[in-house]
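1. heads up, no residue letters with this:
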């Protein structure tokens, strides 16, 4: 079957947003940050199915890039993630949990809060779904450049697991090698680093405006 499948041209390769009718929905678990929802979905000829998934507000990540001499460096933060029992190196990131807040402003807020930085130039680097088989989370990674430190009296007071997080600048080429060597596992960090490395090779021609449409996110359709 697979060898006889038709060849699809790259220009035609695009995900199709086409939500199937939901015949019924209920929240089966209500959590502090996100809920678990059960939907009854009409799949047409395939009949009705029930799907349980994490109902997530979506998130943004920021690949903050600076130049030191002729080298590009990316900012990474190390944070403990209990479900996988690992201290992961990640990009600054956060939930889109402020009603009506545009994604790029949410990204700017998170960069301020997690890294004490502001950026004068914002672009969309890439969009993706975190785990589309079990969570509704849509994610957008921004490229932030023209960076500046936040004034000391305007810095965010971090608490809990975010307090005292290690932060460091890593050469983009070295970060790229760390991804390929299997040393990094956080999806936004892996996707963001690989995409930035490839985009730079194309002189950043693949970047989109900071306010580019985001039809994959339910709140911005």
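-> Ah, there it is. The model shown is predicted, which means the values in this text are computed figures rather than measured ones.
2. Could you identify the helix or strand that succeeds the helix or strand that contains residue 175?
-> If you go by DSSP states H and E, residue 175 is part of helix 172-180. As assigned by DSSP H and E, the chain's next helix or strand after helix 172-180 is helix 187-201.
3. Contacts made by that next one with the rest, please.
-> Applying C-beta atoms under 8 Å, 6 or more residues apart in numbering, the set of residues contacting helix 187-201 from outside is 61, 63, 65, 72, 74, 76, 88-91, 93, 125-126, 128, 130, 139, 141, 143, 172-173, 175-176, 179, 184, 205-207. Just so you know, the C-beta spots here come from the backbone N, C-alpha and C atoms, and that holds for glycine as well.
4. ok, now stretch 2-21?
-> With contacts defined as C-beta under 8 Å, 6+ apart, stretch 2-21 is touched by 41-44, 215-216, 221.
5. Filter the contacts of helix 187-201 down to the buried ones.
-> Among the contacts of helix 187-201, those classed as buried by 16 or more other C-beta atoms under 10 Å are 61, 63, 65, 72, 74, 76, 88-91, 93, 125-126, 128, 130, 139, 141, 143, 172, 175-176, 179, 184, 207.
6. Could you chop this protein up by domain?
-> Following automatic domain parsing, the chain resolves into domains at 17-55, 59-220.
7. For this structure, give me the ranges with low pLDDT.
-> Low-confidence regions of the chain, defined by pLDDT under 70, span residues 1, 152-163.
8. how about the strands of this protein, start to end?
-> Assigned by DSSP state E, the strands in the chain fall at 22-30, 35-42, 48-55, 59-68, 71-81, 86-90, 93-95, 117-129, 138-149, 167-171, 208-209.
9. Please name the nearest non-neighbouring residue to residue 89.
-> residue 76 (4.6 Å; C-beta to C-beta, 6 or more residues apart in numbering).
10. Is that neighbour bridged to anything, and to what?
-> Taking DSSP bridges as the rule, residue 76 bridges to residue 168.
11. Contact partners for it?
-> 89-91, 167-170, 175, 189.
12. Can you pull up the most central residue in the chain?
-> The residue lying closest to the centre of the chain (C-alpha atoms, centre = their mean) is residue 139, at 3.8 Å.
13. which residues touch that residue?
-> Applying C-beta under 8 Å, 6+ apart, the residues contacting residue 139 are 58-61, 127-130, 188.
14. Tally up the residues packed near the closest residue to residue 27 other than its chain neighbours, please.
-> By the measure of C-beta to C-beta, 6+ apart, the closest residue to residue 27 outside its immediate chain neighbours is residue 35, 5.0 Å from it. When neighbours are defined as other C-beta atoms under 10 Å, residue 35 has 14 of them.
15. quick one on the thing from earlier: deepest of the domains of the chain, which one?
-> Of those, the one with the most neighbours on average (mean count of other C-beta atoms under 10 Å) is domain 59-220, at a mean of 16.
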